[in-house]
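Q: My questions concern the predicted model and sequence given below.
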Amino acid sequence: IFRRIKSNSDFKVSLLRINTFFLIALMILVLIESLLYLEPINRYAMITYYISAYIILLSYALLKYVFNYYNLFNNSTDDSLAQLIGNKFSDIKDKLINAYQLEKNLDEEKEIEYELSIYAINKIKGELSSLAISFNRLKIKYLLHRLYILSAFFIISIIISNKYTIPAINRLINPNKIFEVSLPFELINTTSNNFIFNGDSKTISVAGIGDVPDSIIVNYIVDDSIKDIKISHENEMFSHTFNNIQSDIIWWSNVYANSLFSPWDNIKSPLDTIIVIKKPVISDLSFEIIPPEYTGLSSYTHPSNIS
């Protein structure tokens with residue numbers, strides 16, 4: 001009886017410890033996913049390890065319970081249990097030894113002595129059952145209380161930070177699915193008429209929508225050289241003027257994340273190109289003069305440099 005009750009209580013302790021550990025691990029997983037927005041391959045690997053570890057530890061606890069409950073492979077012998085009881089409950093140690101000796105020396109032929117021995121043995125068994133029930137009572141109560149506190153903390157955290165935690169939990173439930181990152185703002189190119197003559201100036205404009213940053217970076221490529229400049233906004237509109245443009249300019253704007261834990265790395269506008277049209281240059285100019293017929297004059301060429 002003691003073996004079975006102890007096996008049950010030990011199994012409860014193991015389950016509570018495993019569930020507490022993996023609840024903490026789940027909280028850490030949700031926190032990591034909320035902050036880092038993992039790639040599907042990393043998210044899937046993390047969830048696979050989590051579930052595999054949980055199944056392995058749960059299977060180990062179940063096998064241990066079966067071995068102890070049925071005393072398989074002498075995993076929980078009477079001698080080991082007696083020693084455990086004697087060490088943990090010193091008050092019953094001597095009684096247990098006496099009961100063990102009485103049971104060993106039972107003689108049914110001595111009727112009165114036999115009945116008294118049976119009575120004493122059953123009394124000790126009753127005390128053992130009471131002790132077995134209380135064997136892990138305080139430990140189970142403590143572990144259960146701790147699990148309740150962690151569960152309540154986890155639920156409250158989810159409710160308070162639902163904007164981040166609920167999407168993170170959804171992504172963990174679907175680790176292979178590709179989710180679009182929710183961006184805090186957008187950069188929209190509002191520049192029009194990208195054709196200019198060489199030597200002219202051109203102002204580019206980028207509109208910020210959302211939680212717009214104080215400044216953005218304008219990157220541009222001119223004559224195979226990459227350059228950048230930081231510009232600030234006015235009424236959520238970013239503008240920059242290129243002066244005396246002689247060659248085509250490829251440009252785009254972007255903002256890099258300023259935190260390691262940001263779910264996005266880079267927000268940028270599409271590539272755009274300022275196309276330069278060369279102004280025509282007159283290198284030689286002449287005029288063909290064709291007099292009216294009544295003048296009797298022949299047509300001739302008049303150079304532009306003769307007044």
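A: Received the coordinates, thanks.
Q: show me what contacts residue 198?
A: Contact partners of residue 198, counting by Cβ atoms under 8 Å, 6 or more residues apart in numbering, are 245, 246, 247, 276, 277, 278, 279. C-beta: built from backbone N, CA, C; applies to glycine.
Q: same thing but 6 Å
A: Counting by Cβ atoms under 6 Å, 6 or more residues apart in numbering, residue 198 touches 246, 276, 278.
Q: same thing with residue 210?
A: 184, 185, 186.
Q: quick one: it and residue 183, what's the gap?
A: 7 Å (Cβ to Cβ, to the nearest Å).
Q: swap in residue 282?
A: Distance, residue 282 to residue 183, by Cβ to Cβ: 52 Å.
Q: What of residue 302?
A: From residue 302 over to residue 183 the distance is 67 Å, taken as Cβ to Cβ.
Q: List the residues that contact the residue most central in space within the chain.
A: Most central residue of the chain, judged by C-alpha distance to the mean C-alpha position with Cα atoms, centre = their mean, is residue 33 at 1.1 Å. Residue 33 sits next to 168, 171, 172 when contact means Cβ under 6 Å, 6+ apart.
Q: what's the distance between the helix or strand that contains it and the middle of its chain?
A: Using DSSP states H and E, the element containing residue 33 is helix 2-36. Relative to its parent chain, helix 2-36 has a centroid offset of 21 Å by Cα atoms, centre = their mean, to the nearest Å.
Q: Could you identify the helix or strand that succeeds it?
A: The helix or strand immediately downstream of helix 2-36 is helix 40-69, counting by DSSP H and E.
Q: List the neighbouring strands of the strand or helix carrying residue 217 plus their orientation.
A: In this assignment (DSSP H and E), residue 217 forms part of strand 215-222. Counting by DSSP bridges, the strands paired with strand 215-222 are strand 225-234 (antiparallel), strand 249-256 (antiparallel).
Q: Count the neighbours of residue 50 for me.
A: For residue 50, the number of neighbouring residues by other Cβ atoms under 10 Å comes to 16.
Q: ok, it to residue 265 distance?
A: When residue 50 is compared with residue 265 (using Cβ to Cβ), they lie 26 Å apart.
Q: what's the answer for residue 294, then?
A: Residue 294 is 82 Å from residue 265, by Cβ to Cβ.
Q: before we move on, the earlier item: looking at residue 282 and residue 183, which is more packed in?
A: The residue with more neighbours, out of residue 282 and residue 183 and counting by other Cβ under 10 Å, is residue 183; that gives 13 against 6.
Q: Can you give me the separation between the more buried one and residue 296?
A: Relative to residue 296, and taking Cβ to Cβ, residue 183 is found at 82 Å.
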